[in-house]
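Participant: turn this into a structure:
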Amino acid sequence: MTASQRVKTPGFQALVVATIIFALFTQSVGGTIGFFILFGIPLFAMTPLPPYASRGERIWHYAFLATCTLIFLFLILPILIIIPLSFNTEPYFSFTEGMIALDPEAYSTRWYADIFRFGMTAPDAVEGWWEDMWENATWIRAFRNSFFLAIASTILATTLGTLAALGLSRPEMPFRSAITSLLISPMIVPLVITATGMFFFYGGTMQGVIPGYPDGLAKTYLGLVLAHTTLGVPFVIITVTATLSGFDRSLIRASQSLGASGFTTFFKVVMPLILPGMISGALFAFSTSLDEVVAVIFMADVDQRTIPRQMFSGLREQISPTILAVATILVIMSIILLTTVELLRRRSERLRGLSPG
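Facilitator: Numbering: from 1, shown residues only. Okay, here's the model as predicted:
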């Protein structure tokens with residue numbers, strides 16, 4: 001159905017009437033435009049009803065569409081609302097009259113610039129500004145710590161989680177259910193309890209055990225990487241195990257019968273088929289590490305503040321819309337990661353023959 005045909009449908013006409021009523025009650029231009037866009041997108045994207053549909057089926061069709069849209073808005077608006085707020089000119093966590101009226105002067109990118117300037121010794125300097133920003137800017141240091149921990153823990157979690165999933169997928173593995181439950185327990189146990197146990201284990205039990213760390217691994221980057229790895233491994237195990245559920249083990253026997261070694265079989269036969277699950281688990285582990293704050297509060301030192309820890313401190317010590325700007329960047333990154341996971345899931349289904357290619 002073309003766009004001109006969709007405009008003539010009763011659903012679109014009802015949307016226009018609802019938009020006019022919404023505009024009369026709210027007296028808000030921005031709100032009216034948002035109302036029309038939010039309800040118009042699913043209306044245009046939904047598959048049209050056949051011509052022989054009855055009146056009751058049409059009413060149910062549009063009622064179902066409206067209900068799903070309202071549920072979607074209820075879930076997503078608390079997240080999306082921070083995006084326009086991050087462009088506020090004023091240092092408030094609320095919409096100003098100018099923002100509601102869509103006044104261009106009420107919007108600014110000053111808080112995004114503050115991400116690079118806050119904490120610098122000389123933010124307006126011409127020479128040496130890059131080194132000053134990299135070493136002293138508070139948010140840049142938080143970004144640096146977060147991405148270092150996320151990348152390191154993701155690599156380690158993906159390696160360990162994939163090996164664990166390969167072992168647990170073997171039918172002769174004893175106590176598979178018990179071991180699986182134990183390995184994914186960090187997802188089930190309250191995070192405060194896990195973080196408390198990590199702090200006492202890495203800070204007390206590990207004292208003097210590892211050379212170079214006489215006081216244990218608490219307040220160290222190695223301890224933080226291991227803590228984030230513990231939280232990321234369950235996601236890799238679940239995604240790789242799900243990929244292995246449709247794996248044809250006769251391919252391994254065929255590879256071995258042709259003289260291939262174990263390493264060759266894994267990298268040439270097994271890994272290409274489970275790679276979507278590995279990447280999906282790695283993305284989940286990366287996202288988990290990037291968003292983690294409870295374990296960082298217990299395990300990190302002052303110089304090891306990550307983005308969530310800095311946001312938590314900012315809400316308590318200095319309320320600034322810069323937090324909203326950082327949150328907007330994290331939301332965009334999460335959307336990109338989730339889109340990548342969905343594309344990998346579809347690719348995995350095509351490789352396993354579960355969906356048409």
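Participant: next, the residue of the chain most remote from its centre: secondary structure please.
Facilitator: Of all residues in the chain, residue 52 sits farthest from the chain's C-alpha centroid, using Cα atoms, centre = their mean; the distance is 43.0 Å. Counting by DSSP: H, G, I helix; E, B strand; the rest coil, the backbone at residue 52 sits in coil.
Participant: for it, give its distance to residue 64.
Facilitator: With distances taken as Cβ to Cβ, to the nearest Å, residue 52 is found 19 Å from residue 64. C-beta coordinates here come from the backbone N, C-alpha and C atoms, glycine included.
Participant: next one: residue 123
Facilitator: As for residue 123, its distance to residue 64 is 53 Å (criterion: Cβ to Cβ).
Participant: quick one: contacts of stretch 160-178?
Facilitator: Residues from elsewhere that reach stretch 160-178 (Cβ atoms under 8 Å, 6 or more residues apart in numbering): 179-180, 183, 229, 232-237, 240-241, 244-245, 247, 270, 274, 278, 281, 285.
Participant: could you rerun that using 7 Å?
Facilitator: Counting by Cβ atoms under 7 Å, 6 or more residues apart in numbering, stretch 160-178 makes contact with 179, 180, 183, 233, 236, 237, 240, 241, 244, 278, 281, all of which sit outside it.
Participant: so for that stretch, what's the average pLDDT?
Facilitator: Across stretch 160-178, pLDDT averages out at 86.
Participant: how about exporting it as PDB, limited to the C-alpha atoms?
Facilitator: This file holds the C-alpha atoms of stretch 160-178, laid out as PDB (Å, rounded to 0.1, in the frame of the first residue of the first chain):
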ATOM      1  CA  LEU A 160      36.100 -18.200  29.000                       C
ATOM      2  CA  GLY A 161      32.400 -18.200  28.200                       C
ATOM      3  CA  THR A 162      32.800 -19.800  24.800                       C
ATOM      4  CA  LEU A 163      35.100 -22.600  26.300                       C
ATOM      5  CA  ALA A 164      32.500 -23.200  29.000                       C
ATOM      6  CA  ALA A 165      29.600 -23.300  26.600                       C
ATOM      7  CA  LEU A 166      31.500 -25.800  24.300                       C
ATOM      8  CA  GLY A 167      32.100 -28.100  27.300                       C
ATOM      9  CA  LEU A 168      28.600 -27.800  28.600                       C
ATOM     10  CA  SER A 169      27.200 -28.600  25.200                       C
ATOM     11  CA  ARG A 170      28.800 -32.000  25.200                       C
ATOM     12  CA  PRO A 171      26.300 -34.800  26.100                       C
ATOM     13  CA  GLU A 172      28.800 -36.700  28.200                       C
ATOM     14  CA  MET A 173      29.500 -33.700  30.400                       C
ATOM     15  CA  PRO A 174      28.600 -34.700  34.000                       C
ATOM     16  CA  PHE A 175      26.500 -32.400  36.200                       C
ATOM     17  CA  ARG A 176      25.700 -30.100  33.200                       C
ATOM     18  CA  SER A 177      22.700 -28.500  34.800                       C
ATOM     19  CA  ALA A 178      24.400 -27.900  38.200                       C
END
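Participant: buried stuff in it?
Facilitator: Under the neighbour-count criterion of 16 or more other Cβ atoms under 10 Å, stretch 160-178 has 160, 161, 162, 164, 165, 166, 168, 169 buried.
Participant: which of those sits closest to residue 210?
Facilitator: Taking Cβ to Cβ as the measure, residue 210 sits nearest to residue 160 out of the buried residues of stretch 160-178, at 18.1 Å.
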